[in-house]
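> Sequence plus the predicted model coming up.
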Amino acid sequence: MVPPVKIFGHPMSTNVARVLVCLEEVGAEYELVTIDFLAGEHEVPDHVARNPFGKIPALQDGDLILFEVEAQQYYPALSPVVFECIIFPVMRGTTTDQKVVDESLDKLKKLLEVYEARLSEHKYLAGDFFSFADLNHFPFTFYFMATPYASVFDAYPRVKAWWQSIMSRPSIKKIAANMPTKF
């Protein structure tokens, strides 16, 4: 018998609820392993091994462990730089707010340290296979690389290799060809 998928989190969490409802919709068997966020159980080493950001949920299906990596972490750290350096100057006619950029870069560097560690174990974020977790990073990272701060990735060789691997995919090349970086 195949053991059920394990979801590590708390049933009151909206992020956990999203995962649980998806599993219910497809009729998957699962086990909810309660992580008491208020008691700090999300910060214990066992849970951080499942979700290096110390957040909930984490999902375990056999040897595969997944955690949310895009909407709650990466995008908020990276997107302000893109908006300040590329989008706002064109759409609003404003100059770059360097304070916003610097704060975002600090957040991004901390996040990239986690990605660097994760990518030391696997070629891609969810394992040794390209997945939606990686694909989700494409649009804003593509535009981030058109900012003056693209060299931030140089300090994280595994992250940089991961990004180059993503950019070498035929589907990414096709879509990127129609994404202007100068407006």
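Structure received.
> Report the secondary structure state of Ala8.
Slight slip there: residue 8 is Phe, not Ala. strand (DSSP: H, G, I helix; E, B strand; the rest coil).
> quick one, what contacts it?
Val33, Ile35, His47, Arg50, Asn51, Ile56, Pro57, Ala58, Leu59, Gln60 (C-beta atoms under 8 Å, 6 or more residues apart in numbering). (C-beta placed from N, C-alpha, C; glycine too.)
> Would you mind writing the ChimeraX command to select the buried ones in those?
In ChimeraX, this line selects whichever of these come out buried by 16 or more other C-beta atoms under 10 Å:
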select :35,47,50,51,56,57,58,59,60
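> Of the contacts of Phe8, just say which sits nearest to Pro148.
Taking C-beta to C-beta as the measure, Pro148 sits nearest to Asn51 out of the contacts of Phe8, at 32.1 Å.
> domains in this protein, as residue ranges please.
Domains of the chain are assigned by the TED database as 5-67, 69-177.
> May I see the ones you listed organised as CSV, with distance to Phe183 added?
Shown next, in CSV, are those (distance: least, C-beta to C-beta, whole Å):
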stretch, distance to Phe183
domain 5-67, 33
domain 69-177, 4
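> For the contacts of Phe8, give me TSV that also has pLDDT, distance to Glu41 and secondary structure.
Shown next, in TSV, are the contacts of Phe8 (pLDDT from 0 to 100; distance: C-beta to C-beta, whole Å; DSSP: H, G, I helix; E, B strand; the rest coil):
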residue	pLDDT	distance to Glu41	secondary structure
Val33	95	10	strand
Ile35	95	5	coil
His47	94	6	helix
Arg50	91	11	helix
Asn51	90	12	coil
Ile56	90	9	coil
Pro57	90	13	coil
Ala58	92	12	strand
Leu59	92	16	strand
Gln60	93	16	strand
